[in-house]
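Undergrad: please work out how this folds:
(3 chains)
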Amino acid sequence: METILQTYYFYPNETVVWSLMIVLYPFISGMVAGTFITGALSKAFGIAYLEPIFKPALVASVSFLCFATLPLMLHLEQPTRAAYIFITPHLTSAMSGFGYIYMGFLVLVIVMIWYAFRPNFVAKASSGGLKGVFYKLICLGVTKISKASYEHDQKVIKALAVIGIPFACILTGYVGFVFAAVKTNMWWSSALTPVVFILSAMVCGLAFTIILYHVHAKLTKTAVSSDCVRGLVRYLWGFLLFAITLELLELLHLAYYETDYWSIIREMLEGNLAMSYWGAQVVVGGVIPLLLLSYILFVNVSERTRSMLAYFSSFLLILQVFSMRWNVVIGGQLLSKTYLGVQEWNLEIGGREGLVAGVMVVLAPVVLLAILRKWLLTDPEVRPGSI
Amino acid sequence: MDAAWAILMGLTIASSIVTYYFFRPVGEGGPPKFVSLEGKDFYDRDASIASSHTKRLVLIIVVLIVLAFAVKGFLVPKSFGQDGFYRADALVESSDREPRHMTSESCGNGSCHKYEIDDLALGLHFKISCISCHGAMGHSRTYGDVHAEDATTMQNGTCLECHQKLTGRPANVVPQVDMAAHQREYAYESGEGCIDCHSKHNLMLIDENAADRKEGGQ
Amino acid sequence: MTELSRRSFIVTTSAAAMSCGLASYALAGAGEEHTYEFMVDPSKCIGCIHCVKACILENDVPEHNFRTWIERYTFKKDQTFIVESPNGGLDGFGEPDVDPKDIKKAVFIPKLCNQCDNTPCLQVCPVGATYMGPEGLIHIDSEHCIGCGYCIQSCPYGARFYNHETGAADKCDWCYHRISKGMVPACVEVCPTEARRFSIDGSDPLIASEKNEGNTRGLRQSIGTEPKLAYLGLEEKVR
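TA: Here you go, the predicted model:
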């Protein structure tokens, strides 16, 4: 096998067509699915120690969900025609289903939130004035709660959680499939791609939930439940291990086959992508958090240290997932379709798909989350006292 | 590369700083508080209304879905799906565009350029279409002013696009010259253009002595 | 190819032998179905780039994008090769960066849309803006395209690009506005050496005979796209 590329060539039309926005799209939809599944675990499987993060995770999920299509709209050359994806969905395309899956999941999460917070809404509906009217509307006019209705709600929530977990997997696995379905791009077209997407969605969902939980606890001046943190860390460790293993396995597979594709992949991993792959995705975002998490899981540490290290590695893990998305999306396009070259590409700063717009797209759901947190999560929970 | 390294380190350091400051004071307070339903005026001891809100919600969702599909039906573009999964009109639209490059026959239409056509046919260029050398002629079928200009501003470059000696250019398909060598060989001044010796369409040598110059030069 | 000729057998009944002149312009209208065949003979291509220029003029192709372009493959004696296409060929090829003594063979390869029968671009379009017309050609409905770029990603030949002027994906459609009027594509019209040949309903019998003799093949056949564009005597390494 040639180690040095004999010639450096890509087709004159080749550019990085999918840039930062399409990096953010799987990142954000992974966040949606990850936080949702994290929250739903306690309801679907009755895991009591995860109960405290049910509502925060759900609210986080919906805030990301509201902006999951924003990067797509910014990317589309014709955003005004985006509705065609609903109106004339071409079913052989891996992309056409996204509209419906997304809408379905949005409805599911909103309905779940509605059930989860209904007692609070009902409590506020009894106040007078405009506020009362607003909450009466939200409650759909049903302004009384009974013990039976509360139990009914819990049952519905459980059912939604059970449906929602596979749904969330479909949502993010599907995004992976959009890439996996590009036949001629070896970097993408692997059956593992959707699986890796689901696993890393779980990683960033759990990591984000850990951060959110700590911040929320601090802002409301309550203590975090140490069982809950330990539980989250345990899940995080497991999913991270799987995610890294599969990511490296995929690479190993490509390397072992030594097709003519591998020579340019190697070229890319040693060049343009070296930092974001080896540096961010593997070492700083992968190995270091894995070691930290292993330390707090398998060595007896104080509660404070555990929280602190879990919190710190969560940041690194979000970085890991972001760089993984980056490496998949951008990396796949740097590789030439001719198998003969690797493109140079630099992120633009301004513009519709530039860095500034990208930062806004990431901040938008966080801002929404801050607002929703204030609105939904700061009120004490209303529930029958005997439960 | 350096930028990526800087960003990576920056993000790592930033998150450790955030962690450090965040964890300086420990969170205090007990387990999350809750408010009991019992005794509130919205608490309904009567269990009969267990799921009326769900019914309303389902109704609303169903109505919305039906509405959405009804609207969807209206929004499908006209002629979509007539002949397949596409807008049938699009095919007509794309075939409606006006051609810009015309055929050599059309140059002779109305015997406008009959002479040039016949002239061209005399030489080895007979297979070459007029527009290959003359461009798209004002870009349209309606001959504009560009037409006349284009035809007479031909430079040596046009000939050399095809005749310059070049790696990969098959010698059995097109005779090639190296500009400098050709100039040396036939001893012409640099001001002279190709068509000063090679007659523009029939390629006949204009300069009868040109071929002899070669010998003279040697 | 067999698929295409079968279709032509059933559908095409018009016996008019189409010459490529204006006379047939009036004869052939849109709506009738024809068989179109395109054959590229790289051994005849002299790399004059007239086709690229004509295509840009004919189809308003934006700068730095190409519906058709020319590549030069320089095969060296040590089995390696060099590929070049400076700005699609527009910037001029010049001499390759090799010692002329090392060159075994060099050849220009015209590239354009391969009009695959089993095309990935059509499969991935989420809205039906890319479609296969009744004649088997792949078209783009630039009024319906949402500009997601999925088809651009999936085309293994790099034939597609964003046309930022129309705000849609764009690619070569073998000059459908010309061939549906009985003319040949602009690139074929200007080609001085018949390196590009086009046939409407068998008007160029050479294409069919070369195909039948098995002298032609499609680009990158191993990936199963079944291109309709036929290359005569194509080097194995060309991609």
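Undergrad: and chain B, what are its domains?
TA: Listed by automatic domain parsing, the domain ranges of chain B are B:2-96, B:103-153, B:154-218.
Undergrad: let me know the average pLDDT across the first one.
TA: The reference is to domain B:2-96. Averaged over domain B:2-96, pLDDT sits at 81.
Undergrad: how about CSV for the domains of chain B, with distance to chain A and mean neighbour count added?
TA: Yep, even glycine has a C-beta here, placed from its N, CA and C like the rest. CSV is the format used below for those (distance: least, Cβ to the nearest Cβ, whole Å; neighbours: other Cβ atoms under 10 Å in any protein chain shown):
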stretch, distance to chain A, mean neighbour count
domain B:2-96, 3, 14
domain B:103-153, 22, 16
domain B:154-218, 14, 15
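Undergrad: and of these, who's closest to residue A:311?
TA: With Cβ to Cβ as the criterion, residue A:311 lies closest to domain B:2-96 of the domains of chain B, at 5.4 Å.
Undergrad: now tabulate the domains of chain B in TSV and tack on distance to residue C:45.
TA: What follows is the domains of chain B, written out as TSV (distance: least, Cβ to Cβ, whole Å):
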stretch	distance to residue C:45
domain B:2-96	27
domain B:103-153	14
domain B:154-218	8
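Undergrad: and the helices in chain B?
TA: For chain B, applying DSSP state H gives helices covering B:2-22, B:52-75, B:88-96, B:104-108, B:114-122, B:130-134, B:146-152, B:156-163, B:179-186, B:194-197, B:210-217.
Undergrad: quick one: closest of the domains of chain B to residue A:10.
TA: Closest among those, using Cβ to Cβ: domain B:154-218, at 19.4 Å.
Undergrad: next one: the closest one to chain centre, how far?
TA: Taking Cα atoms, centre = their mean, to the nearest Å, one finds the center of domain B:154-218 at 35 Å from the center of the full chain.
Undergrad: quick one: check that domain for contact with chain C.
TA: Yes: applying Cβ under 8 Å from any Cβ of the partner chain, one finds that domain B:154-218 is in contact with chain C at B:161-162, B:166-170, B:173-174.
Undergrad: give the helix, strand or coil label for the residue nearest to residue C:61 when sequence neighbours are not counted.
TA: Distances taken as Cβ to Cβ, 6 or more residues apart in numbering or on different chains put residue C:67 closest to residue C:61, at 5.4 Å, once the chain neighbours are dropped. At residue C:67 the chain is in coil, as set by DSSP: H, G, I helix; E, B strand; the rest coil.
Undergrad: quick one: residue C:67 from residue A:91, how far?
TA: 29 Å (Cβ to Cβ, to the nearest Å).
Undergrad: the more surrounded of the two?
TA: Higher neighbour count among residue C:67 and residue A:91: residue C:67, with 30 against 10, using other Cβ atoms under 10 Å in any protein chain shown.
Undergrad: for the more buried one, grab phi and psi.
TA: phi -80, psi -30 (degrees, to the nearest 10).
Undergrad: is it true that it touches residue C:88?
TA: No: applying Cβ atoms under 8 Å, one finds residue C:67 not in contact with residue C:88, separated by 9.6 Å.
Undergrad: name the helices or strands packed onto the worst-scoring helix or strand of chain A on mean pLDDT?
TA: When each helix and strand of chain A is scored by mean pLDDT, DSSP states H and E, strand A:381-383 comes last, with a mean of 84. Here strand A:381-383 touches helix A:98-125, strand B:34-36, going by 3 or more Cβ pairs under 8 Å, 6 or more residues apart in numbering or on different chains; DSSP states H and E.
Undergrad: distance to chain C for the ones you listed - can I get that in CSV?
TA: Compiled in CSV, the helices and strands packed on strand A:381-383 are given as follows (distance: least, Cβ to the nearest Cβ, whole Å):
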stretch, distance to chain C
helix A:98-125, 8
strand B:34-36, 46
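Undergrad: quick one, domains of chain A?
TA: A:16-115+A:144-181+A:346-387, A:199-344.
Undergrad: and those: which comes nearest residue C:80?
TA: Closest approach to residue C:80 among the domains of chain A is made by domain A:199-344 (11.2 Å; Cβ to Cβ).
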